[in-house]
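A.B. asks: need coordinates for the following:
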Amino acid sequence: MMALIFTELIFTVPSDFPDFPNRRKGASKNSRSWLAGLVFFCLGLLGPLYPAQGDIIRIGSGANCNALSITHALQQALVTPGPDEIRLEKEFSYNESIVIDNATVQGPVTLSGGWESCTSSSSTGRSFILRTSPPAVVTVTNNQVVVLDGIELFGLGQISLDVSSGSQVTLINSHVGSGSTGIRVSLGAEVTLERDSLVIFNETTSPDEGGGITCGLPGTPNSGGTVNINGQVFSNSAPNGGGIHGRWPNCRIIVGEGAVIRDNEATFGGGVFLAQGAFMGGGGTGSQGSRIHSNNAEQGGGLYVTDPGTRATLFNTRIENNEAMFTGGGVEVRKDGFFSLNRSPVNDCPNPPRCSVISRNQLTFPGDNEGSALYVRNGGQAELFRVFIEENSGFNRAGQAIHVEDDNTTILLHSVQIWNNRTQAAMSATGSAALSGAYVSVARNNWLVAGESFLPSFGASASGGADVTLVTSILTDTRGYSGDVVGDCLIVDDDNNLTAFNTLVGVDPGFQDPASGDLHLRSTSPALDYCDDSYPPIGSDIDLQSRGNDNPLEPNLLGPYDLGADENTDSPLIFADGFESGNTSSWPVTAP
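C.D. replies: Numbers count the residues shown, from 1 in each chain. This next block holds a predicted model:
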């Protein structure tokens with residue numbers, strides 16, 4: 001920039017200046033050489049002060065340092081159009097409000113912390129930047145690209161990181177904490193939290209902000225952005241969305257491998273609060289799944305989804321150990337919101353087949369205790385595919401684990417295992433809601449009566465005009481059904497209040513080890529090759545195995561489809577004498 005200023009001064013001197021370039025045609029070779037020399041002399045004077053294009057700017061007071069503050073370093077970065085790296089000494093004090101926009105930098109910039117000195121060849125640890133008064137500690141706006149690597153931002157009551165207007169910020173080995181909200185993303189901006197980064201110990205009292213991360217601006221429709229989470233959002237608090245608060249249709253929260261949202265608290269949505277058309281998607285892959293766990297709220301301990309167009313569509317995600325006082329220990333869906341959880345058909349997870357789980361969530365306050373795992377009402381919709389719903393509990397080990405109520409409100413369960421929950425019914429519906437279960441396995445659910453003794457749970461409960469339909473499923477360890485429940489192609493141990501067709505009653509379904517939660521089917525199970533294609537499966541079974549494996553030794557009752565969450569694909573023994581093994585000792589004779 002200074003070079004351009006000097007050049008402008010040179011080329012705007014009076015027209016009668018000897019050999020001025022406006023008289024190029026008559027200018028002598030010597031005058032042109034003099035002019036070029038002057039320009040490069042000026043640039044040479046600037047060289048020691050300002051780094052070259054894409055250079056490294058070191059902040060500190062010792063040898064090899066060329067800036068005294070981050071603001072000073074950004075002034076130097078303005079001169080260079082290429083990517084700049086600003087290195088921060090660990091022991092240096094940074095109490096600044098930093099603005100990165102098109103008035104302060106010309107290209108991508110990296111703030112790199114953890115350097116012992118300006119002469120160090122590598123960084124260790126992180127550098128601290130704090131701010132005790134508005135505005136945010138770091139503001140990035142106007143389409144800037146920034147990397148924070150080895151940085152700790154402390155808002156101390158202010159927003160720690162405010163990213164807006166199309167800017168992109170990536171956090172690597174960085175912590176964002178102690179702010180009114182940790183990170184705010186708006187107006188088409190994008191923030192990526194990598195696996196070694198944390199958003200931690202932020203707290204806000206505003207109902208329009210999240211404690212850890214806020215996506216979108218209150219009162220400004222379509223002001224959202226994108227948040228990619230591979231790191232942790234941990235121990236934050238807010239009225240709505242202790243960990244994350246997202247609103248507006250262009251707000252996108254994407255969780256990836258290693259994403260953890262935990263130990264946050266709120267009134268609604270301890271882990272995540274989504275409203276007014278926001279979207280949450282993605283899930284874990286490979287050795288690292290994604291988890292929403294140990295969050296706390298009055299409603300929606302792990303996740304709260306509300307309003308038309310708001311969607312949470314997750315795969316390979318564990319929603320566990322969350323708590324709510326009243327409803328939705330794991331997940332709550334309201335007011336036409338939508339939630340789905342699935343096992344990815346293409347991405348592995350750390351603990352197959354339990355890739356997608358809603359487990360060990362709780363309701364903690366006396367009352368109806370509806371939806372310790374999942375609660376849906378007011379037009380909400382929920383769909384679970386290849387999910388384990390296990391060990392959830394209402395207050396005093398009672399309540400309802402899966403609950404839906406109100407008109408135009410639905411839950412769909414497909415290839416789902418419901419095991420060992422403390423619940424009065426494995427699933428329940430009321431008030432004209434609809435609950436449908438297909439290829440579901442239910443076992444070992446019970447509830448504590450009056451704090452004295454346990455009773456088996458109802459297989460399902462329907463009341464107030466609700467519609468509960470169960471097909472191609474196995475429900476054991478139950479005490480019948482409550483209300484009017486309809487079914488077809490079932491194995492049940494008690495059919496009280498169940499209107500069912502093609503159903504076996506009081507028959508051992510042949511689970512592998514129900515006491516330990518292994519509800520796979522043994523090769524001798526009566527559930528094999530039981531049902532026809534009246535209820536065609538939606539995709540694979542809970543292990544991602546194809547449905548309709550026709551066992552040649554098992555006569556079809558109605559068709560080739562096994563009941564329950566598991567499709568048995570074990571290859572049958574065609575020869576009962578063990579011919580396949582090649583061990584002749586089991587043959588009745590060794591020769592024809």
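
A.B. asks: C-alpha only now, for contacts and for neighbours.
C.D. replies: OK.

A.B. asks: confidence score at residue 383?
C.D. replies: On the pLDDT scale, residue 383 is placed at 98.

A.B. asks: count of neighbours near it?
C.D. replies: The tally of other residues near residue 383 (other CA atoms under 10 Å) stands at 17.

A.B. asks: got phi/psi on it?
C.D. replies: Reported as degrees, to the nearest 10, the phi and psi values for residue 383 are phi -130, psi 130.

A.B. asks: from residue 313, how far out is it?
C.D. replies: 9 Å (CA to CA, to the nearest Å).

A.B. asks: also residue 343?
C.D. replies: 11 Å.

A.B. asks: who has more neighbours, the two?
C.D. replies: Per other CA under 10 Å, whichever of residue 343 and residue 313 has more neighbours is residue 343, with 30 against 17.

A.B. asks: ok, that one to residue 279 distance?
C.D. replies: Residue 343 is 19 Å from residue 279, by CA to CA.

A.B. asks: and residue 253, by the same measure?
C.D. replies: Counting by CA to CA - residue 253 and residue 279 are separated by 6 Å.

A.B. asks: one more: residue 141?
C.D. replies: For residue 141, the distance to residue 279 - CA to CA - is 23 Å.

A.B. asks: how about residue 124?
C.D. replies: Relative to residue 279, residue 124 is positioned 37 Å away (CA to CA).

A.B. asks: between these two, tell me which one has more neighbours.
C.D. replies: Comparing residue 124 with residue 279 by other CA under 10 Å, the one with more neighbours is residue 279, at 25 against 12.

A.B. asks: which strand residues bridge that one?
C.D. replies: Beta-bridge partners for residue 279, by DSSP bridges, are residue 252, residue 311.

A.B. asks: tell me the strands beside the strand or helix carrying residue 402, with direction?
C.D. replies: Residue 402 belongs to strand 400-405 when assigned by DSSP states H and E. Here strand 400-405 is paired, per DSSP bridges, with strand 370-377 (parallel), strand 428-430 (parallel).

A.B. asks: closest one to residue 355 among the ones you listed?
C.D. replies: strand 370-377 (16.2 Å; CA to CA).

A.B. asks: mind saving the C-alpha coords of that closest one as PDB?
C.D. replies: Taking Å, rounded to 0.1, in the frame of the first residue of the first chain, the C-alpha atoms of strand 370-377 are listed here in PDB:
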ATOM      1  CA  GLU A 370     -43.500 -38.400  28.800                       C
ATOM      2  CA  GLY A 371     -40.700 -39.100  26.400                       C
ATOM      3  CA  SER A 372     -37.600 -40.000  28.400                       C
ATOM      4  CA  ALA A 373     -36.000 -40.900  25.000                       C
ATOM      5  CA  LEU A 374     -38.200 -39.100  22.500                       C
ATOM      6  CA  TYR A 375     -41.200 -36.700  22.900                       C
ATOM      7  CA  VAL A 376     -43.100 -35.400  19.900                       C
ATOM      8  CA  ARG A 377     -46.200 -33.200  19.900                       C
END
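
A.B. asks: state the mean pLDDT of it.
C.D. replies: 97.

A.B. asks: could you do stretch 567-579 as well?
C.D. replies: The average pLDDT for stretch 567-579 rounds to 60.

A.B. asks: surely residue 416 and residue 390 touch.
C.D. replies: No - shown here, residue 416 and residue 390 do not form a contact pair, counting by CA atoms under 8 Å, at 10.4 Å.

A.B. asks: so between the two, which is more surrounded?
C.D. replies: residue 416 (27 against 24).

A.B. asks: may I have the beta-bridge partners of the more buried one?
C.D. replies: Bridge pairing for residue 416 - DSSP bridges - gives residue 440.
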